[in-house]
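>>> Predicted model follows, preceded by the sequence.
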Amino acid sequence: MNANVSESNIIVDEAIVQPNIKEKGEVRKVLYKVVKRLIDILGGLVGCVLLVPITVAVYIARKVLKEDDGPMFYEHLRYGKDGKKFRIYKFRSMCINADKKLKEYLDNNEDAKNEFEKTHKLQKDPRITKLGNFLRKTSLDELPQMINILKGEMSFV
């Protein structure tokens, strides 16, 4: 819609009068990303505050249950957005040499071997520690991922 201004003969283009719809979409995308990142930062901070006492509790529980062999945290590489690699953190829930223990268990247990071949999981996995079982059931083993969220490698969904 063009409008003629008779005094100066200037033609006002529709794009000037109304903001470009494409630009509105871009503004919304940027605003969405900013708000999402703020939520991630705030949630990550709260999660890290919770992580400190829970880490102490896990440390004490490992000592009491005599599961203190090996590191308290498990980390491995994962692929994130755009194929970028990052190191993910969790509380360790399996015993040391879990792969070796799994192989021995499957070699000696045909039913478990069939179950593992179908699902890549075991109902009664001998590699999972007592504390690890509790951490998994309560999803507390995932809490160290708050660090990944604060670093911007992961996001709340």
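Nice, thanks for sending it over. Numbers count the residues shown, from 1 in each chain.
>>> Sketch out the low-pLDDT regions of the protein for me.
Scanning the chain for pLDDT under 70 picks out 1-22.
>>> now the helices for it?
14-17, 21-64, 98-108, 110-119, 130-137, 145-150 (DSSP state H).
>>> quick one: contacts for residue 130?
65, 67 (C-beta atoms under 8 Å, 6 or more residues apart in numbering). Where C-beta positions appear, they are placed from N, C-alpha and C, glycine not excepted.
>>> gap between it and residue 136?
Distance of residue 130 to residue 136, given as C-beta to C-beta, to the nearest Å: 11 Å.
>>> Kindly report the same for residue 117.
For residue 117 relative to residue 136 (C-beta to C-beta), the value is 22 Å.
>>> Comparing the two, which shows the higher neighbour count?
residue 136 (18 against 9; other C-beta atoms under 10 Å).
>>> correct me, but that one touches residue 129?
No. Using C-beta atoms under 8 Å, residue 136 makes no contact with residue 129, being 9.9 Å away.
>>> residues shared between the contacts of the two?
residue 93.
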